[in-house]
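Undergrad: Next one to model:
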Amino acid sequence: MRTWVYVSMAVFIALLAVGDPVQTRPEGLYVVTTYPFISDIAGNILGEYGYAESLLRPGRHASTYEFTPSDSEKAYLADLFLYVGYGSELAIASNVAGLRDGEGVLSILDLVVRYEPRVYENPYFWHDVSLTMRLVEELASLFSDLAPQYEEVYMENADRYLDELESLDAWVLDMLSHPGLPTRSIFTVRNGLMYYAERYGLEVAGYITGAAGVYEPATAWVVEQFEDVVLSGEVVIIIEYEEMGTTLREVVETLAEEAGLETYGFVVLESLAPDYGVYSYVEMIRWNTEVIREALLEGAGEVAIEVASIDNPLLKPLAYDFLKRGFLTLVVLMAMTSAVGAYAVLRGWSIFSDALGHGAIVGLLMAYLLAMDFYLGALLIGLFIAFTVGTLERVTTLRADVIIAISFTSMLAIATLIISTMGGVNISLEDVLFADVTAVSSEMMTRAVLSALGIGVLLLLFHRHLLLYAIDPVSAISMGVRIGLIHYALLLLLAISTVSAFMSIGAIPAIAALIVPPSAAYLVSRRPRQYIGISVSIGVFSGIVGYYLSYYSNVNAGAATILVSVAVFLVCLAIYLARKPPIPLHSR
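TA: Numbers count the residues shown, from 1 in each chain. As a prediction, the model looks like this:
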């Protein structure tokens, strides 16, 4: 046995010594970038004497990118690593800087800021073709300094590319100079078209977020933009390609539906879009211009409602239908999850909601790959996890928390594997953690209400059996309870309630709603029936107060709801400690 170990080690060392992990380098400069549009610009300058490629694949979010050994090798071997310098992309650049000890890593914004000082606040300068032309000149000079033997070639390529960009710039100006445009004002998800609008005579009248990176919608800001901009009847609503899988897109579409307006898109901000035939920077600008021109020619449309004039502080946060839907959905889901979570906490399955949350992420990714409904994908994986965990707990001697821990770490690993294999996805994972109630559609609300009603009926019918099983399964058997059926029924209720809440208010609020209100109720309850009622009451109270707090504090509703429920938990803890007799000194 020992001989085989030594032989295996010798073969492994020999392979390391003989194998050459270094890829064949192209003649000239090898440039690696974050976004594909940067590598396209660099590739036009390098021509045949160099090679440029991106780590991010077209149509993928930087926030979902995961490094692979192959990508790390590319970044390490490159003569130069280029990145723009904003949002989630900074994390990629930081990893590359660590690989290269900070050498040969350059932010494009550090070049552009010399002639456009606002780029650190709004980095989307490349949508102004004239600014991109300045960048091409800067990169041509930089590449020539790094490889002086190819300077003449790089400069010739840059001149040829600049001629193409100059023609592109003139074409955009001509396309958007149409005298018959009904409006020249646009409303977008992100403030990514500011430079485009300034260059080509348009106005960005409003947007959901000016942040170039992770952003969670705040209720009051959404309402303000809705009233001041969307209901003005003077803007066309344009959605970015990069927001196709985000809550922000759902928010904008909800606002447009409320106002009776159309949305247009998609325009491409940064990632290129092969499914729309956008493979290069030039094609990106042309595509965007055609989409925007078509939208402007259609006009803003006729607004179906007027700005609500409500002064009552209790009614103002419910002024519009989309706010009512969000409020109702949040409260209903908090009631449902708090009720089901009460049994889970008694059974010791609190961490199970975490496993279902991670599993739902895998379900979203699978649904994205298969082009199926996101809710259905998340629900199927949630049910699979529920019944797998339930079966393993019954047929093995492992504790439930061990099986659940294995389950949710496996799900997270699978999600990461899918993302790294695809080079990222066009889903914003921060939206998975905290969704936004202002994005709740009529369909989402209906699903939530029907799920809550169905679960409520089952809990009323089987309350006694579920309670006996959760408190003492052995005693439940002696009393004739079919605990096998109740076991899987509780798992089913947990899966449905978690996934329903996950899809509407986000993973973190869904997990918290299953754990925090029941835990608070457990501290102050004296009887089981009282315990369930207090848990539901705390959940409903947290949803109502959290919603109003989010509106008047201009914060995310899900996060506000969690903090309210935690505050209630702390109050219950204080009550519990005040009731509890002091522990004798000799027992401490």
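
Undergrad: which stretches of the protein aren't confidently modelled?
TA: Applying pLDDT under 70 to the chain picks out residues 1-26, 211-218, 358, 364, 368-369, 371, 408, 419-435, 474, 581-588.

Undergrad: May I see the domains of it written out as residue ranges?
TA: The chain resolves into domains spanning 29-175, 185-298, 317-579 when parsed by automatic domain parsing.

Undergrad: okay, how far is it across the first one, tip to tip?
TA: Here the two ends of domain 29-175 are set 37 Å apart, with distance taken as Cα to Cα, to the nearest Å.

Undergrad: And for residue 580, the neighbour number?
TA: Residue 580: 9 surrounding residues under other Cβ atoms under 10 Å. Any C-beta I mention is one placed from the backbone N, CA and C, and that applies to glycine too.

Undergrad: Reformat the domains of the chain as CSV; add distance to residue 311 and mean neighbour count.
TA: Compiled in CSV, the domains of the chain are given as follows (distance: least, Cβ to Cβ, whole Å; neighbours: other Cβ atoms under 10 Å):
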stretch, distance to residue 311, mean neighbour count
domain 29-175, 36, 19
domain 185-298, 14, 21
domain 317-579, 11, 20
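
Undergrad: Let me see the ranges of the helices in the stretch 451-588 of the chain.
TA: 463-471, 473-478, 483-505, 507-524, 528-553, 557-579 (DSSP state H, counting those that start in this stretch).

Undergrad: would JSON lines of the domains of the chain with distance to residue 310 be doable?
TA: Shown next, in JSON lines, are the domains of the chain (distance: least, Cβ to Cβ, whole Å):
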{"stretch": "domain 29-175", "distance to residue 310": "34"}
{"stretch": "domain 185-298", "distance to residue 310": "11"}
{"stretch": "domain 317-579", "distance to residue 310": "5"}
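
Undergrad: closest to residue 308 out of these?
TA: Checking the domains of the chain against residue 308 by Cβ to Cβ gives domain 317-579 as the closest, at 3.9 Å.

Undergrad: Could you check how far the closest one is from the centre of its chain?
TA: Between the centre of domain 317-579 and the centre of its chain there are 19 Å (Cα atoms, centre = their mean, to the nearest Å).

Undergrad: switch to numbering from 19
TA: Sounds good: first residue 19 from here, last item domain 335-597.

Undergrad: Between its first and last residues, what's the separation in it?
TA: Domain 335-597: ends 38 Å apart by Cα to Cα.

Undergrad: Over to stretch 128-136?
TA: 11 Å.

Undergrad: can you list contacts of it?
TA: Under the contact criterion Cβ atoms under 8 Å, 6 or more residues apart in numbering, stretch 128-136 has outside partners 103, 137, 138, 143, 149, 152, 153, 156, 157, 160, 213.

Undergrad: correct me, but residue 388 touches residue 398?
TA: No. Residue 388 lies out of contact with residue 398 (Cβ atoms under 8 Å); the separation is 10.6 Å.

Undergrad: all helices for the stretch 19-168 of the chain, in order.
TA: Using DSSP H, counting those that start in this stretch, the helices found in the stretch 19-168 of the chain span residues 20-36, 54-64, 87-95, 107-117, 126-130, 147-164.

Undergrad: Export these as JSON lines, with columns for distance to residue 410.
TA: As requested, the helices of the stretch 19-168 of the chain are exported to JSON lines (distance: least, Cβ to Cβ, whole Å):
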{"stretch": "helix 20-36", "distance to residue 410": "34"}
{"stretch": "helix 54-64", "distance to residue 410": "43"}
{"stretch": "helix 87-95", "distance to residue 410": "33"}
{"stretch": "helix 107-117", "distance to residue 410": "36"}
{"stretch": "helix 126-130", "distance to residue 410": "51"}
{"stretch": "helix 147-164", "distance to residue 410": "56"}
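
Undergrad: closest to residue 491 out of those?
TA: Among these, the nearest to residue 491 by Cβ to Cβ is helix 107-117 (45.9 Å).

Undergrad: about what we covered before: now tabulate the helices of the stretch 469-606 of the chain in CSV and tack on distance to residue 173.
TA: Formatted as CSV, the helices of the stretch 469-606 of the chain follow (distance: least, Cβ to Cβ, whole Å):
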stretch, distance to residue 173
helix 481-489, 75
helix 491-496, 78
helix 501-523, 54
helix 525-542, 52
helix 546-571, 55
helix 575-597, 53
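
Undergrad: Out of these, which is closest to residue 92?
TA: helix 525-542 (32.3 Å).

Undergrad: Verify the stated contact: residue 207 with residue 259.
TA: No. Contact criterion Cβ under 8 Å: residue 207 and residue 259 do not qualify, at 10.3 Å.

Undergrad: still on that earlier bit, what's the closest of the helices of the stretch 19-168 of the chain to residue 577?
TA: Taking those one by one with Cβ to Cβ, helix 107-117 is closest: 21.9 Å.

Undergrad: tell me the angle the closest one makes with helix 87-95.
TA: Calculated by axes from the mean of the first three to the mean of the last three Cα atoms, to 10 degrees, helix 107-117 forms an angle of 70 degrees with helix 87-95.

Undergrad: Show me what helix 107-117 is packed against.
TA: Here helix 107-117 touches helix 87-95, strand 98-101, strand 123-125, going by 3 or more Cβ pairs under 8 Å, 6 or more residues apart in numbering; DSSP states H and E.

Undergrad: redo that, cut-off 6 Å
TA: Applying 3 or more Cβ pairs under 6 Å, 6 or more residues apart in numbering; DSSP states H and E, one finds that helix 107-117 contacts helix 87-95, strand 98-101.

Undergrad: I figured residue 220 hits residue 202, correct?
TA: Yes. In this structure residue 220 lies within contact range of residue 202 using Cβ atoms under 6 Å: 5.0 Å.

Undergrad: Identify the farthest-apart pair in the contacts of stretch 128-136.
TA: 160 and 213 (22.0 Å).

Undergrad: wait, which of the helices of the stretch 19-168 of the chain is closest to residue 464?
TA: Proximity to residue 464 (Cβ to Cβ) singles out helix 107-117 among the helices of the stretch 19-168 of the chain, at 38.1 Å.

Undergrad: Name the residues that touch the closest one?
TA: Applying Cβ atoms under 6 Å, 6 or more residues apart in numbering, the set of residues contacting helix 107-117 from outside is 52, 80, 93, 94, 99, 101, 123.

Undergrad: These: which two are farthest apart?
TA: Among these, 80 and 94 lie farthest apart (Cβ to Cβ), at 19.6 Å.

Undergrad: which ones are touching the spatially closest residue to residue 583 that is not a sequence neighbour?
TA: With Cβ to Cβ, 6 or more residues apart in numbering as the criterion, residue 583 has its nearest non-adjacent residue at 3.9 Å, and that residue is residue 560. Residues near residue 560 by Cβ under 6 Å, 6+ apart: 352, 579, 582, 583.

Undergrad: Residue 355 versus residue 560, what's the distance?
TA: 11 Å (Cβ to Cβ, to the nearest Å).

Undergrad: for residue 540, same thing?
TA: 15 Å.

Undergrad: try residue 276
TA: Counting by Cβ to Cβ, the gap from residue 276 to residue 355 is 27 Å.

Undergrad: For the stretch 119-268 of the chain, which segments count as strands?
TA: Secondary structure of the stretch 119-268 of the chain (DSSP state E, counting those that start in this stretch): strands located at 123-125, 203-208, 221-227, 254-258.

Undergrad: Let's have the ones you listed in a markdown table, adding distance to residue 188.
TA: What follows is the strands of the stretch 119-268 of the chain, written out as a markdown table (distance: least, Cβ to Cβ, whole Å):
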| stretch | distance to residue 188 |
| --- | --- |
| strand 123-125 | 30 |
| strand 203-208 | 21 |
| strand 221-227 | 21 |
| strand 254-258 | 23 |
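
Undergrad: Right, I'll leave it there.
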